[in-house]
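Novice: A structural model of the following input is requested.
(4 chains)
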2 protein chains.
Amino acid sequence: MATIVEVAALAGVSTSTVSHVLNETRHVEPATRRRVLEAIEKTSYRQDALARAMRRSRTDSIGLVIPDAGEPAFAEMVHGVEHAAAKLGLTLLLSNSAESAERESKAVRVLLERRVDGLILARSANSSRDIVDDLRGENAAVVLLDRMSPDSPFDQVGTENRQPMRSLVSHLASAGHRRMVLVAGDMRVPTLRERADGFAMGIVEAGLDISEQTVIASDQTDPSLAEAITRAVSDPRRPTAFIACSTVLAVATLERVKAAGKAIPRDFAFATFDGFSHSDLFEPSITTVRQPAFEVGVAAVDLLKDRLAGSTSLPRTVHLAQTIEYRDSTGRFELAR
Amino acid sequence: MATIVEVAALAGVSTSTVSHVLNETRHVEPATRRRVLEAIEKTSYRQDALARAMRRSRTDSIGLVIPDAGEPAFAEMVHGVEHAAAKLGLTLLLSNSAESAERESKAVRVLLERRVDGLILARSANSSRDIVDDLRGENAAVVLLDRMSPDSPFDQVGTENRQPMRSLVSHLASAGHRRMVLVAGDMRVPTLRERADGFAMGIVEAGLDISEQTVIASDQTDPSLAEAITRAVSDPRRPTAFIACSTVLAVATLERVKAAGKAIPRDFAFATFDGFSHSDLFEPSITTVRQPAFEVGVAAVDLLKDRLAGSTSLPRTVHLAQTIEYRDSTGRFELAR
DNA sequence: CTGTTAGCGCATTCAG
DNA sequence: CTGAATGCGCTAACAG
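Specialist: I've put the predicted structure just below:
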């Protein structure tokens, strides 16, 4: 590749002038300017972002660390972040921590070494507090994504989880369901904890007995998850509804229900968070609490943008609302069952 | 951030020595080494990847440009690329061209400016030949992903598309289907063209009349796509099977079929490429030609790795096989219809 | 076994 | 309006 020096030589000007026409950072005589432009063309010169970043101490890049690229909701957030970042002329550096704390801190470290201007982090399930503390010492802007904490020193964006779960439980309760099974997942994940909280609140509010509900809190990689679901399916106390707290948990639940020879909604009502795409095209169509994952990603970049622009306000927390899409899987419950 | 100079000063050695312990690039006395390590600890020094890359003229990063982050198959490829790149200690720079040639070349340009060591490119539908030509002049290693061309000057990896389509058509023909509808999509996309080719081959091989088949080649963003599908649904020539060539096209097809009050597989057999995740949990379960998208991503990084290691062999083309998952949507066709 | 030093390519003072 | 010169932080000769 040609460098700025060659361009300058060919145009018969100094590198300084070339730099200035490149960045439009001071006036240059139209004629000179034209010569420079021609030289750039002729040498097929391209700016070296590395050298530029080094000199300006800004990379115009941001890093994104997510815990599970396979989960549809996260894939969609990545999409949103990518979209918003591109709009701002920011390059995106993507890392997947695969729900591992070590990989997570390694990823963060690598991104900081690369001097990203900002960092968007969805913490892994077993993420330690340390990573947040470490990050505080850095001068990079940080936004926490999806998995938030109440006392975050950083801006954070995610969805409101308790409220929709309460509505969902309320809906099921008023349809006559007295015993439900919550497939709750890993309780170290804030999002899932909030959903479980919302469940408990909803149960109490509906005047149901919390001790008669079943909560399965196995991590999705735990083989005991499937067993627990199977056990719940044939629970002698006869639960009538299942709620899954994520796509992966929904898959596990549907599989076990099917394997037990039961059907939805004939034998059980069913609802899930996140869910499946185009669920309405298939039977049973599934009642789903849908988060605006793309928008969450976009919002994260928005928050970051403000910080990059120098905002020093107190940490902000943005909660986006989820919507409940009621479908057949909760719709045909027969009270007389 | 502390620099290597401060570390050197604190440890009472030269920056050279610090660099060498950092990179393990020459022997240093254990005692000295320990002092350096302590100094690194004390100053919480971190290497500056930018300066390092500049000096070594290698960034240990690769770029990935995809045309549609929303398409599940691409999302999965991104996942595979990310996974394989991380394993090699390569940082991933991700861009989405949104099927636009301009965005695509802009993305490529930005990545080259950032001096990625290699580039993985899934070309957009309207990608011009120019981009390939431009890339040839660069010293970056390039791998074409998914959307390949027969005379590529670069390594490329994708799936074999004709063969599974032929098998699919053959399967349908022997089940008694004489008139089929191919929802083929944008014919500028090589992958989709190959699938359409395979369709024609399959029809001929089955001894069917090609002129009695319907091929809908509207781009998925074209509003006429839905109309064309609707028309095919009520075609007086009574086609009995639909084949969609991508997830998005499958969605469009299923929507129109449903909207017309028809059902699968009662009224039509149906099969799709790429398809939906966990399709077996829902009714109708959909016969799907499934590509190993994650592995395609991994394979792309493998090819790139060889080039980064200096391989100068002729351009290689890797075709991964797809598998056909036969399910209910093609299984219950009644010949007597 | 370790230190000195010259750039990598650019943006940016400071002079003119 | 333009040029010369400095240094961002690091690695890799080269020298000792």
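
Novice: and the gap between A:Arg290 and chain B?
Specialist: Distance of A:Arg290 to chain B, computed by Cβ to the nearest Cβ, to the nearest Å: 16 Å. The C-beta positions use only the backbone N, C-alpha and C, and glycine is treated the same way.

Novice: I'd say that residue and A:Ala321 touch.
Specialist: No. In this structure, A:Arg290 is not within contact of A:Ala321 by Cβ atoms under 8 Å, at 10.3 Å.

Novice: ok, the two, which is more surrounded?
Specialist: Legend: neighbour count by other Cβ atoms under 10 Å in any protein chain shown for A:Arg290 and A:Ala321, higher for A:Arg290 (17 against 10).

Novice: in the sheet, who's paired with that one?
Specialist: According to DSSP bridges, the residues that bridge with A:Arg290 are A:Thr323.

Novice: for the residue in chain A that chain B sits nearest to, what are phi and psi?
Specialist: Using Cβ to the nearest Cβ, A:Phe282 is the residue of chain A that sits closest to chain B, at 3.6 Å. Taking degrees, to the nearest 10, you get phi -120, psi 160 for the backbone angles of A:Phe282.

Novice: burial measure for the closest residue to it other than its chain neighbours, as a count.
Specialist: Excluding the flanking residues, the one nearest A:Phe282 by Cβ to Cβ, 6 or more residues apart in numbering or on different chains is B:Phe282, at 3.6 Å. Neighbour count for B:Phe282, taken as other Cβ under 10 Å: 20.

Novice: now for B:Phe282: which residues touch it?
Specialist: A:276, A:282-284, B:276 (Cβ atoms under 8 Å, 6 or more residues apart in numbering or on different chains).

Novice: run through the stretch 201-337 of chain A and note the low-pLDDT ranges.
Specialist: In the predicted model, the stretch 201-337 of chain A carries pLDDT under 70 at residues A:332-337.

Novice: all helices for it, in order.
Specialist: Listed in chain order, the helices of the stretch 201-337 of chain A (DSSP state H, counting those that start in this stretch) span A:224-233, A:247-259, A:293-308.

Novice: and these as TSV, adding distance to chain B and mean neighbour count?
Specialist: Shown next, in TSV, are the helices of the stretch 201-337 of chain A (distance: least, Cβ to the nearest Cβ, whole Å; neighbours: other Cβ atoms under 10 Å in any protein chain shown):
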stretch	distance to chain B	mean neighbour count
helix A:224-233	14	18
helix A:247-259	5	21
helix A:293-308	9	22
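
Novice: show me what residue of the stretch 201-337 of chain A gets nearest to DNA strand D.
Specialist: As assessed by Cβ to the nearest atom of the strand, DNA strand D sits closest to A:Leu308 within the stretch 201-337 of chain A, at 19.0 Å.

Novice: how close does that residue get to A:Met180?
Specialist: 45 Å (Cβ to Cβ, to the nearest Å).

Novice: same deal with A:Ala85?
Specialist: Counting by Cβ to Cβ, the gap from A:Ala85 to A:Met180 is 41 Å.

Novice: please apply the same query to A:Arg58.
Specialist: A:Arg58 sits 52 Å away from A:Met180, taking Cβ to Cβ as the criterion.

Novice: again with A:Ala196
Specialist: Going from A:Ala196 to A:Met180 by Cβ to Cβ gives 12 Å.

Novice: neighbour-wise, which of these two wins?
Specialist: When neighbours are counted by other Cβ under 10 Å, A:Ala196 and A:Met180 differ, and A:Met180 comes out ahead with 27 against 21.

Novice: list the beta-bridge partners for the nearest residue to the more buried one once chain neighbours are set aside.
Specialist: Counting by Cβ to Cβ, 6+ apart, A:Ala241 is the residue found nearest to A:Met180 once chain neighbours are left out, at 4.5 Å. Under DSSP bridges, the beta-bridge partners of A:Ala241 are A:Met180, A:Ala269.

Novice: sounds good, over and out.
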